[in-house]
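>>> Okay, sequence plus prediction incoming.
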Amino acid sequence: MTASGWAALFTGIGTLAAIVYVELTRRLWRESAKQREANLMLMLMEGYDNLRDSITFIRGWYMESAAAGADPLQRFKDELGVDYGNERVLAVDDHRFRVSRFFVKTRKLVQGGYLSETMVASALGGQAIEDVFLKMVDPLDSIKADHNYGLADKRFY
């Protein structure tokens with residue numbers, strides 16, 4: 001074999017090695033991205049699970065109000081405004097804040113490009129978003145914030 005033949009052979013082998021290296025690197029990046037996404041999803045699900053006591057407390061407020069024939073939102077507004085020392089309404093407010101902050105942080109992470117909307121929907125599901133945030137917590141947020149209430153979270157979810 002001539003020198004130019006050897007050079008062509010080594011060039012071909014080098015090119016093939018570069019192609020294999022690029023493909024393996026691409027696969028490694030893709031697997032790393034999947035692993036990061038899985039970790040973020042788990043963190044989101046665990047964060048939501050850690051709110052179970054707050055969600056149960058807020059749901060209890062709604063059920064207690066309904067059993068007494070009262071609108072839970074109006075009751076929250078009235079009890080916050082009249083007697084801010086009321087332990088029960090203060091507890092509802094604290095639990096509302098915890099759950100609300102979780103959803104606000106999640107929205108901001110999506111808007112910052114750290115999480116995808118698909119990932120949030122997969123991790124939390126429609127029940128968490130619709131039944132917990134939109135139906136129970138966000139209405140309480142709007143009462144608490146009054147004139148300073150922003151629609152960013154409601155529009156996002």
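In hand now; what should we look at?
>>> residues in contact with the residue nearest the centre of the chain?
Central residue check for the chain by Cα atoms, centre = their mean: the C-alpha nearest the mean position is that of T106, 3.5 Å away. The neighbours of T106, taking Cβ atoms under 8 Å, 6 or more residues apart in numbering as the test, are 44, 115, 120, 124. In this view, the C-beta of every residue, glycine as well, is placed from N, C-alpha and C.
>>> Turn these into JSON lines, including secondary structure and distance to E130.
Formatted as JSON lines, these follow (DSSP: H, G, I helix; E, B strand; the rest coil; distance: Cβ to Cβ, whole Å):
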{"residue": "L44", "secondary structure": "helix", "distance to E130": "16"}
{"residue": "L115", "secondary structure": "coil", "distance to E130": "19"}
{"residue": "V120", "secondary structure": "helix", "distance to E130": "13"}
{"residue": "L124", "secondary structure": "helix", "distance to E130": "10"}
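>>> Just flag the most distant two among those.
Maximum pairwise distance among the contacts of T106 (Cβ to Cβ): 10.8 Å, between L115 and L124.
>>> Overlap of the contact sets of those two?
Contacts common to L115 and L124, judged by Cβ under 8 Å, 6+ apart, are 44, 106.
>>> any idea how far the one helix or strand V104 maps to is from the chain center?
Counting by DSSP states H and E, the element that carries V104 is helix 87-111. Remark: helix 87-111 is offset 12 Å from the chain centroid, using Cα atoms, centre = their mean, to the nearest Å.
>>> Rounded mean pLDDT for it, please.
For helix 87-111, the mean per-residue pLDDT is 92.
>>> Pull out the buried residues from it.
For helix 87-111, burial by neighbour count (16 or more other Cβ atoms under 10 Å) applies to 89, 92-93, 95-96, 98-100, 102-104, 106-107, 109-110.
>>> Closest one to F133 out of those, please.
Using Cβ to Cβ, F103 is the member of the buried residues of helix 87-111 that lies nearest F133, at 5.0 Å.
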